[in-house]
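> could you work out the structure for the sequence below:
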Amino acid sequence: MATRPNDADLLYGMKAIGEHIGLTARQAEHLVSHGELPSFRLSTTVCARRSALDAHFAFAEASARQSRKAKDAPAEPARADESPAAPAAVLYGHRAIAAHLGRLVADVAQLDLQRRLPTYLDDGCTVASTAALDAWQRLTGAGA
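This next block holds a predicted model:
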């Protein structure tokens, strides 16, 4: 089954997820089973949001590009007036995510419930990296 017409962002089933990312249903199933794609279940059917997959791959691409750039760039000593870039942090809970995004906690909870944020569950706690959230804001234009 492809996407439902009343929710264009929802990909319903492995075939639809695979088609969206250019893989077979089996390849997509493998990635989902290993936790490498943001997905969720509606009853017994695996689903994903186009927006979550797009943000996931944009983040992966940006990370790879940044890693290559850091590897290829010659090491420069830091100037006294520059502070080193802050490493990507991991945020736990809707309150921390809301503070990072500059949004209300209720709005973040609703977006997370709709699976529109790049988050995952870790022992029942909603978790997100600041880098993934920043990429999501750039992609969606969802500024504070």
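> for residue 99, give me its contacts.
Under the criterion of Cβ atoms under 8 Å, 6 or more residues apart in numbering, residue 99 has no neighbours. Backbone N, C-alpha and C define where each C-beta goes, glycine included.
> other residues contacting stretch 35-51?
Residues contacting stretch 35-51 (Cβ under 8 Å, 6+ apart): 8-14, 17, 20-21, 28-29, 31-32, 52-53, 56, 114-116, 118, 120, 139-140.
> sitting in strands, which of those residues do you find?
10, 11, 12, 120 (DSSP state E).
> burial count for residue 141?
6 (other Cβ atoms under 10 Å).
> pLDDT wise, what is the most centrally placed residue in the chain at?
Centrality entry for the chain: nearest residue to the mean C-alpha point is residue 118, 3.0 Å, by Cα atoms, centre = their mean. You'll see residue 118 listed with a pLDDT of 87.
> how near is it to residue 59?
From residue 118 across to residue 59, the span is 7 Å (Cβ to Cβ, to the nearest Å).
> residues shared between the contacts of these two?
With Cβ under 8 Å, 6+ apart as the test, residue 118 and residue 59 both reach 132, 135, 136.
> many thanks, we can stop here.
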